[in-house]
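J.: Just a sequence and a predicted model for now, questions to come.
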Amino acid sequence: MTFTVSVPHPDLARDLEPLPDGVEVIVWPMDAAPPRSRIDLVVPPYIALSRALPLLAEVDTRLVQGQAIGYEGIGELLPAGLTFANAATVHETSTAELAVALTLAVQRRLDEFARDDRAATWAPVFAESLADRRVLLLGYGGVGKAVAARLAPFDVEIVPVASRAREEDGIRVHGIDELAALLPTVDIVILSLPGGDATRHIIGEAELAALPDGALVVNVGRGPLIDTDALVRHTRAGRIRAGLDVTDPEPLPRDHPLWGTRGVLISPHVGGASSAMHPRIAALIHRQIAHLRAGEEPENIVIRT
């Protein structure tokens, strides 16, 4: 029997070649009714899931394979009886790269140099180093560990914080209940937590106030992890700096006060948007095909409706 996979665009279909014998790939953008009543593995589009996922009510499928790590709100969109896997292993490296890039850019004031470059202005500054800084990683899952690995050569002290305290591979991971005591002792905070009610405004007025003057907050997780109003107050006062790949609201309105604030660098939610994505999602889909055809449990299952 042929094993059928649907993908949302032809480029991903090409990335999956060569296919194992007995596997067929069809392109279904999920902007119209499904082309078949049964599709063994469905890969929805990267965005526009609120439009796409309800269409799965018309399909008999064994697995829905998302293309993002985050999955908040997916359970409410999926029809009953479906299994959803996230894209762990796909975006961690690119997101970690951007986290380090934002950190370095703000520390060394590369955003200011970029503006000076356009104005043909030579304006040397004495900037903050990354070396010898104490960096708190708020979130120590796949992205947090990837960030830690990339920071290791920079001579920083890494302070991992997760939902619970533990020893992991010889590293002391602090629990979230220690966050208030740790914040006054660090220079940089990098957030990579998922979104949702449990993490909303985990960095708010009290947490920002607890950070030392000049501290840097970098967010590559979800925008609502940070209380935006509180962040505006602290950054516009010049007390806190920020590197943000995600914001709340998102996209950030053109007249939002974070735009143009000195010490704030914003990228438009592009943590996973790099050339690493397509080969890694293709590799994950190939593994999921093999698991399903062998009668094995797929990887990364996060929701069963």
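T.: That came through, no problem.

J.: what's the offset of stretch 285-294 from the middle of its chain?
T.: Stretch 285-294 sits 25 Å away from the centroid of its parent chain (CA atoms, centre = their mean, to the nearest Å).

J.: Buried ones in that stretch, by neighbour count?
T.: Neighbour counts over stretch 285-294 (16 or more other CB atoms under 10 Å) mark Ile285, His286, Gln288, Ile289, His291, Leu292 as buried. For every residue, glycine as well, the C-beta is placed using N, CA and C.

J.: Confirm the second one sits in a helix?
T.: Think His286. Yes - when the secondary structure is assigned by DSSP: H, G, I helix; E, B strand; the rest coil, His286 falls within a helix.

J.: residues touching the residue nearest to it when sequence neighbours are not counted, list them.
T.: Spatial nearest neighbour of His286, chain neighbours left out: Leu16 (7.0 Å); criterion: CB to CB, 6 or more residues apart in numbering. With contacts defined as CB atoms under 8 Å, 6 or more residues apart in numbering, Leu16 is in contact with Val5, Val7, Val25, Ala282, Ile285, His286.

J.: Please enumerate the helices of the stretch 51-200 of the chain.
T.: Chain-ordered helices for the stretch 51-200 of the chain, with DSSP state H, counting those that start in this stretch as the definition, fall at 74-77, 92-107, 110-118, 142-151, 179-182.

J.: Quick one, which of those helices gets closest to Arg239.
T.: With CB to CB, the closest approach to Arg239 among these belongs to helix 92-107: 14.2 Å.

J.: so what does that closest one touch, helix or strand wise?
T.: Applying 3 or more CB pairs under 8 Å, 6 or more residues apart in numbering; DSSP states H and E, one finds that helix 92-107 makes contact with helix 142-151, strand 188-191, strand 216-219, strand 241-244, strand 264-266.

J.: repeat that for 10 Å
T.: In terms of contacts (3 or more CB pairs under 10 Å, 6 or more residues apart in numbering; DSSP states H and E), helix 92-107 is packed against helix 110-118, helix 142-151, strand 188-191, strand 216-219, strand 241-244, strand 264-266, helix 277-293.

J.: Partner strands of the fifth one and their direction?
T.: Right, the one you point to is strand 241-244. Strand partners for strand 241-244, identified by DSSP bridges, are recorded as strand 216-219 (parallel), strand 264-266 (parallel).

J.: Quickly find the element holding the residue nearest to the spatial centre of the chain.
T.: Among the residues of the chain, the smallest C-alpha distance to the mean C-alpha position (CA atoms, centre = their mean) belongs to Gly221, namely 4.8 Å. Using DSSP states H and E, Gly221 falls within no helix or strand.
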